[in-house]
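Peer 1: here is my input; please provide its structure:
(one chain, ligands or ions: 1)
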Amino acid sequence: MNKIPECLIHPISIKLIRAGHPWITADNFSNRFPRQSEFIIATDERKRPMALLLHDPHHKNVKARVWSTKYPFDREAQHFTASIQARLDLAIEKRTQEPALKERDNYYLAFGEADHLPGLFIIKLKDRILIQFFSSFWTRYKSIIQTTIQEIFPELKDDAFWFQLRGETRELQKLPTNAVEAQRRDEFHLQEFGLQYLVRLGSSYDHGLYTDMSSIRFQLKKFITPGMAVLNLFSYTGAFSLWAMNLGAKQVTSVDLSPKYIEWLQQNLALNPQIDSTQHEALTMSVEEALDKLKTEEKKFDFIICDPPSSSSDGDKRVSALKAYKDLILKMDKVLNIKGHLVLFLNTHQISNQKFEKMIQDSLSELQLNYKLGMRLSLGQDCPTLKAFPEGSYLKGIVLEKL
Ligand SMILES: C[S@@+](CC[C@H](N)C(=O)[O-])C[C@H]1O[C@@H](n2cnc3c(N)ncnc32)[C@H](O)[C@@H]1O
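Peer 2: Residues are numbered from 1 along each chain as shown. This is a model prediction of the structure:
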């Protein structure tokens, strides 16, 4: 192995790494890391080596991720392959021993930084594996990752493996491709909490079911009681709608702007004959428009789920989910019964849980609406988070009760 370059990092990065933060973002120091080196040894202000980094010069923001803070770093790099295997084994063993995960076919086998596999996310989707790289560093290690998983799950053949590069910029957003047949498209059904969902790999960026939301669906179960009317805003393929119907909700309305996702939702409903789909209404329109329509029709709900994308395209302007929330809360309040619950999600790491909660509380005060905080929601079970790494806690939610 070539000698690994030692590079001074930004004083703030030095502090963050010492506090357990695993990212080196773009700055005057990281932008000068030698581009061809896959590893970098970060040094502190006194030129002492402090961390072995996985280098990703192609990423717009995250130029490197901490692999190890255990000296000597050249040895850590020499043992890199064995360490990947050990870390994967540990991450997967945790999941296979977790009883809650037996209730679904879909769960994360590895959740990036929190499993000490920075930028590497692996989802088990029934008998397929989707390996998501948030750093192109990992593309060189496809086969070692795949064979490690196959040692644990020997029944998985090569064509069960899918790889996807994901990221914030366009060049880092790729469709999942099959390990054997690059052009392959795959459609199959999987089970989550007793419900069947259609999953599509190879044809769209997102495959139809958000596994990071699964543990939240599980946590929210106690709020759904038989006979309720439920409104699922930004429904996507309807996971929350089906789940509420299966728990006994008598009327469920799903709203999504995208005809493609509403069609997918209908296919999901058809896969579950135990659900009475005549009790479901799908509205293919913007949430804002749907809320006005439902108010005019004097419809009322007991439980409203609102899970907007971090920025929502509303005609020609893009509004951040948090800014849009004030208007949405007012509109949702008009169709929510007293003692009903509102579930509000925010899907961005840029705003902390505390800030999200404060902004919602401020909006409620300004609108003179009387709500009580019922529960805080965050990633859990197969999606662990790290205290020193707020970027990993990108999903947050609160449940509010209308007084
Ligand atoms: C984050 S996903 C919701 C995921 C869903 N809650 C789940 O767990 O499966 C956001 C969805 O909002 C939809 N969307 C975006 N802007 C919208 C708008 N203004 N009105 C209605 N739907 C919108 C998108 O088509 C997408 O399906």
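Peer 1: in the stretch 1-150 of the chain, what residue comes closest to the ligand?
Peer 2: Here the stretch 1-150 of the chain gets closest to the ligand at one residue, N106, 11.9 Å apart by Cβ to the nearest ligand atom. For glycine as for every other residue, the C-beta is placed from the backbone atoms N, C-alpha and C.
Peer 1: so what's that residue bridging to?
Peer 2: Taking DSSP bridges as the rule, N106 bridges to L125.
Peer 1: ok, now which ones touch it?
Peer 2: Taking Cβ atoms under 8 Å, 6 or more residues apart in numbering as the criterion, N106 is in contact with 123-126, 190, 192, 209, 211, 214.
Peer 1: 10 Å instead?
Peer 2: By Cβ atoms under 10 Å, 6 or more residues apart in numbering, the residues touching N106 are 123-126, 128, 130, 190-192, 197, 199, 207, 209-211, 214, 382.
Peer 1: could you measure from it over to L190?
Peer 2: Distance, N106 to L190, by Cβ to Cβ, to the nearest Å: 6 Å.
Peer 1: now Q267. Nearest residue, chain neighbours left out?
Peer 2: Spatially, and ignoring its direct neighbours in sequence, Q267 is nearest to L198 (5.2 Å; Cβ to Cβ, 6 or more residues apart in numbering).
Peer 1: hang on, that neighbour packs against L242?
Peer 2: No: look at L198 against L242 with Cβ atoms under 10 Å: they stay out of range, at 11.1 Å.
Peer 1: SS state for the spatially most central residue of the chain?
Peer 2: Nearest to the geometric centre of the chain sits D212, at 4.7 Å (Cα atoms, centre = their mean). Assigned state for D212: helix (three-state reduction, DSSP: H, G, I helix; E, B strand; the rest coil).
Peer 1: quick one: pLDDT of it?
Peer 2: Per-residue pLDDT puts D212 at 97.
Peer 1: report the separation between it and the ligand.
Peer 2: 9 Å (Cβ to the nearest ligand atom, to the nearest Å).
Peer 1: give me every residue that touches the residue in the stretch 301-403 of the chain positioned nearest to the ligand.
Peer 2: Across the stretch 301-403 of the chain, no residue is closer to the ligand than D307, which sits at 3.5 Å (Cβ to the nearest ligand atom). Counting by Cβ under 10 Å, 6+ apart, D307 touches 210, 213, 216, 232-236, 239-240, 321, 343-347, 395, 397.
Peer 1: mind redoing it with 8 Å?
Peer 2: Counting by Cβ under 8 Å, 6+ apart, D307 touches 213, 233-234, 236, 240, 345, 347, 397.
Peer 1: before we move on, what about L386?
Peer 2: By Cβ under 8 Å, 6+ apart, the contact list for L386 reads 20, 22, 113-114, 392.
Peer 1: hmm, stretch 367-378 in reach of the ligand?
Peer 2: No: Stretch 367-378 lies apart from the ligand when judged by Cβ under 6 Å from any ligand atom; the minimum separation is 12.0 Å.
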